[in-house]
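Undergrad: Let me see the structure of the following:
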Amino acid sequence: MGIVMRSSSDWVRAKDGSWVRLPVQQTRGLNRNFNRNLKQVFKGAAMTVIQWGQEDDPLFRHYRQLLDGGTKPNLARLTLARQIASIVLSMWRSEEVYNPSKLKTAA
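TA: Purely as a prediction, here's the structure:
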């Protein structure tokens, strides 16, 4: 899931008349060569965690913490999907089996 940043107004005039680049950049979305199927898999996994809603699941607890902290539901869902993707990548690299007790809870 490659993230790309795009902006149309990167340059502003300084007081001395020179052009300077704005320091703030915002994430604009995925680049054009992302894997649509894989993205749907992780989004679906996040929706499954949310819909099942088991309070003893650390992923669901993290989702609830995000909502309780004022995060919009769609952004909390995206965060959960990214967290699942990160977990899967880590498991794949280390050739481990999923163990929910290894997940750290957000403070």
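
Undergrad: Need the pLDDT of the residue nearest to L103 when sequence neighbours are not counted.
TA: The spatially closest residue to L103, leaving aside those adjacent along the chain, is P58, at 4.2 Å (C-beta to C-beta, 6 or more residues apart in numbering). C-beta coordinates here come from the backbone N, C-alpha and C atoms, glycine included. P58 is assigned a pLDDT of 90 by the prediction.

Undergrad: Tell me where the model's unsure across the protein.
TA: Applying pLDDT under 70 to the chain flags the ranges 1-9, 24-32, 104-107.

Undergrad: returning to that earlier point: look at the residue nearest to L103 and say how many residues are nearby.
TA: P58 is flanked by 17 other residues according to other C-beta atoms under 10 Å.

Undergrad: Quick check: it vs Q40, distance?
TA: If you measure P58 against Q40 using C-beta to C-beta, to the nearest Å, the figure is 23 Å.

Undergrad: Please name the residues that touch G69.
TA: The neighbourhood of G69, defined by C-beta atoms under 8 Å, 6 or more residues apart in numbering, contains no residues.

Undergrad: repeat for the one 4 residues further on
TA: Taking C-beta under 8 Å, 6+ apart as the criterion, P73 is in contact with L67.

Undergrad: which residues of this structure fall in strands?
TA: In the chain, the strands defined using DSSP state E lie at 3-4, 11-13, 19-21, 29-30.

Undergrad: ok, and what's touching the second one?
TA: In this case it means strand 11-13. Here strand 11-13 has contacts from W19, V20, R21, L22, using C-beta under 8 Å, 6+ apart.

Undergrad: Which one (most neighbours) among these?
TA: Comparing those by number of neighbours (other C-beta under 10 Å), V20 comes first, having 12 neighbours.

Undergrad: Could you double-check that it lies in contact with D10?
TA: No: with contact defined as C-beta atoms under 8 Å, V20 and D10 do not form a contacting pair (9.7 Å).

Undergrad: measure the closest residue to Q54 other than its chain neighbours to N74 for me?
TA: For Q54, ignoring the flanking residues on the chain, the nearest one in space by C-beta to C-beta, 6+ apart is F60 at 5.8 Å. Counting by C-beta to C-beta, the gap between F60 and N74 amounts to 17 Å.
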